[in-house]
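Q: no sequence for this one, just the structure:
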Ligand code: DGJ
């Protein structure tokens, strides 16, 4: 998969889908030559055109060669200071105050498999599944070494990259920036796609033309954030959901990050991504190394869906780990929107009774079971059960759920501390803070200083104690504010620039210890919904609560946007009550249900208050979900229509089971329209020559005002070849109602 041709200096990482080509020139400089659809051999049919460009300097050794300048070369992990004025991939300040280093190729190594990254989450692969190239660059004055690592996976259009920066000198070096990857594209004929949002409004798709100068999407919040996701894609302007070039970048990192693009004077594009260098400074002692997080680079010639397929595969097969990686995820009921803080064990038992009766599988007790927490003012950090609320104790509540055939889950927010807590009274120094400034609050809470070993130990011990005290099958790990005054009382002045990075590394150390100690437990991460939905968290916890917004209309956008990078099996999705608690909207139960079925399905409302008719519907939905669950959780997922395309009123999602035999199709029309067109859905990724029989159909629920239904267009019982379904398409029965949701199941004959 990886070859090196000494005569041309060409490194070619190649599999059936993708080629990634680097070139060593003059034995020193590492250039980026090609990334895209696989080519059998890179013989350089477009050699680099050396041109004398004014104001583009020559490195000292090439003073008289006016056509040679780093400023115009397509580079891989570029420096700053020798004439390349574009965005650098790294920056250092040496002990003498200068920032100039000169890194030349030293050696390389190609090995089967993929090494792990010390202290960091990263994609993993066996020796058969991947090959890794490590290129070592050495500074000419011997103060720094940078090792660039590239892994290509056997059957995926994915390259994983990271950099390791080592101080080989005798004095400390300040690392001011350390990107996970950088590269240059020859042109700038691209659109730039990022996922932006806010709390309860995560991951909207933004697509804008790439502009001259710099553009950035980033987080300065100490976490990957609701506001921007650690993701960027570059698409050709004519790339669609199903066709055209798409280049996607996603970080396996949960802290603040940045993706920068720069279109420079001659029209090429540089992309740089990794930890945000804003406020970052890492003191590298002699012999010490800094490991950047990993970046996953996906190329697809099948548009955004093709890119998503590759991300989904890599996340499902090479990021998520442990017992639950391939296990069907349980249907849960969470008490948060049912009771908020106002519960006792009697109420929880009633919820359990009803959940068991409806066929649900996991009862999750959310916030409020510990300390004296009756609202969000107190007790974070005091992980001791509140026996006034739960008279049977945690063990009693968990056993009681188990006795009804349900699994039992519990909420934690371990990285946080309330000022009103025994923990804070004992250890005010354990909070991230600046000594002489009062700390800012978020949801009345402060953030624990996870750079401190004793804080990490406290979290591991207190959470473990609870997990050992009762039969707990599931944990929801929440994180409800971002970092402010992000400094540590335990670090010296010259290491304060490391605090936010060390916080995330501390979190990873804690997560590794807890998840390894409790391999049976299913962990779901959460950050006020999807504020930390990233591949780093998924390495430890196989699913994430996608958003605090449970309104089905909003969820169509949120889940469509999230699916750009993450597969449905990683997305918690629950049916909640109407009017919806976040936006007040009243949508049909069918729409809420079908939308939630496109994720890790569950309920988050007081199910005991449902009418008998609603309960009967829920029983049917639950039975249907159980039947379709392998396809919905582990099949391939395709966006046919999203709220970000067309007029935004329609969404269609398609799932195909792993063996290709079952297809589940969902269609949502948010608002009814007058003189509405008849919608045809063109399916995708079916076998052209196989026949598919429509075996199930849930039409939108008609209202008494519906005048449109002249004869049914149900196709149940009929079979069609894959090519007809894909190229001619399937018609959607016209039913005039707001919040219409349809579901079809097709089986390959
Ligand atoms: C924020 C989460 O996203 C909610 O689901 C819920 O767990 C609350 N926190 C509890 O405080």
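A: Sure, I can see it. From a predicted model like this one, the values you see are computed outputs, not experimental measurements. Numbers count the residues shown, from 1 in each chain.
Q: Residues in a beta bridge with residue 152, which ones?
A: Beta-bridge partners for residue 152, by DSSP bridges, are residue 131, residue 159.
Q: who touches it in this structure?
A: 1-2, 13-15, 18, 20, 130-133, 158-159 (C-beta atoms under 8 Å, 6 or more residues apart in numbering). All C-beta spots, glycine's among them, are computed from the backbone N, C-alpha and C.
Q: ok, so of these, who is nearest residue 717?
A: Comparing the contacts of residue 152 against residue 717 with C-beta to C-beta places residue 158 closest, at 41.1 Å.
Q: Would you confirm that that closest one contacts residue 298?
A: Yes: counting by C-beta atoms under 8 Å, residue 298 is a contact partner of residue 158 at 5.3 Å.
Q: what do these two both touch?
A: 310, 314.
Q: Next, give phi and psi for residue 595.
A: Residue 595 adopts backbone torsions of phi -60, psi -40, taken as degrees, to the nearest 10.
Q: Now for the residue nearest the centre of the chain: which residues touch it?
A: Geometric centre of the chain, nearest residue: residue 534, 2.9 Å, by C-alpha atoms, centre = their mean. Residues near residue 534 by C-beta under 8 Å, 6+ apart: 224, 229, 230, 250, 251, 252, 253, 254.
Q: go with 6 Å
A: Counting by C-beta atoms under 6 Å, 6 or more residues apart in numbering, residue 534 makes contact with 224, 230, 254.
Q: which stretches of the stretch 451-600 of the chain form helices?
A: Listed in chain order, the helices found in the stretch 451-600 of the chain under DSSP state H, counting those that start in this stretch are 453-469, 499-517, 535-540, 552-562, 589-597.
Q: Format these as CSV; extra columns: mean pLDDT, distance to the ligand and mean neighbour count.
A: Putting the helices of the stretch 451-600 of the chain into CSV (pLDDT from 0 to 100; distance: least, C-beta to the nearest ligand atom, whole Å; neighbours: other C-beta atoms under 10 Å) gives the following:
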stretch, mean pLDDT, distance to the ligand, mean neighbour count
helix 453-469, 98, 16, 16
helix 499-517, 98, 17, 21
helix 535-540, 98, 14, 26
helix 552-562, 98, 13, 25
helix 589-597, 98, 14, 25
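Q: who are the neighbours in contact with residue 703?
A: Counting by C-beta under 6 Å, 6+ apart, residue 703 makes contact with residue 737.
Q: any idea of the mean pLDDT in the longest helix along the chain?
A: In the chain, taking DSSP state H as the definition, the longest helix is helix 612-634. Average pLDDT, helix 612-634: 98.
Q: buried set for it?
A: 617, 618, 621, 622, 624, 625, 628, 629, 631, 632, 633, 634 (16 or more other C-beta atoms under 10 Å).
Q: ok, which stretches of the protein are helices?
A: Counting by DSSP H, the helices of the chain are 303-314, 336-339, 345-358, 393-403, 422-426, 453-469, 499-517, 535-540, 552-562, 589-597, 612-634, 722-723.
Q: Leaving out chain neighbours, which residue sits closest to the residue nearest to the centre of the chain?
A: residue 224 (4.3 Å; C-beta to C-beta, 6 or more residues apart in numbering).
Q: and if you look at residue 300?
A: residue 306 (3.2 Å).
Q: how many neighbours does that neighbour have?
A: For residue 306, the neighbour count with other C-beta atoms under 10 Å is 24.
Q: per-residue pLDDT, it?
A: Residue 306 is assigned 98 on the pLDDT scale.
Q: what do you get for residue 86?
A: Per the predicted model, pLDDT is 98 at residue 86.
Q: give me every residue that touches the residue of the stretch 251-400 of the chain at minimum distance from the ligand.
A: The minimum distance from the stretch 251-400 of the chain to the ligand, using C-beta to the nearest ligand atom, falls at residue 367 (3.4 Å). Contact analysis of residue 367 by C-beta under 6 Å, 6+ apart lists residue 411.
Q: Output the below-cut-off pLDDT ranges for the stretch 201-350 of the chain.
A: Scanning the stretch 201-350 of the chain for pLDDT under 70 picks out nothing.
Q: interface residues of it facing the ligand?
A: Proximity of the stretch 201-350 of the chain to the ligand, by C-beta under 6 Å from any ligand atom, involves residues residue 336.
Q: Sketch out the strands for the stretch 201-350 of the chain, chain order is fine.
A: Using DSSP state E, counting those that start in this stretch, the strands found in the stretch 201-350 of the chain span residues 201-209, 213-218, 231-235, 246-252, 257-263, 269-275, 282-284, 289-291, 294-300, 332-334.
Q: Quick check: residue 200 touching residue 581?
A: No: the criterion here is C-beta atoms under 6 Å, and residue 200 misses it with residue 581 at 10.0 Å.
Q: okay, now residue 662: neighbour count?
A: By the criterion of other C-beta under 10 Å, residue 662 has 21 neighbours.
Q: and what of residue 28?
A: 16.
Q: try residue 208
A: As a burial measure, residue 208 scores 10 neighbours (other C-beta under 10 Å).
Q: measure the residue lying closest to it once chain neighbours are set aside to residue 228 for me?
A: Nearest non-adjacent residue to residue 208, counting by C-beta to C-beta, 6+ apart: residue 192, 5.6 Å away. Per C-beta to C-beta, to the nearest Å, residue 192 is found 13 Å from residue 228.
Q: same check, this time on residue 524
A: Going from residue 524 to residue 228 by C-beta to C-beta gives 22 Å.
Q: same question, residue 127
A: 36 Å.
Q: Could you check which of the two is surrounded by more residues?
A: residue 228 (24 against 11).
Q: isn't that one right next to residue 217, touching?
A: Yes: the criterion here is C-beta under 6 Å, and residue 228 meets it with residue 217 at 4.8 Å.
Q: Give me the domain ranges for this protein.
A: 88-319, 332-545, 641-748 (automatic domain parsing).
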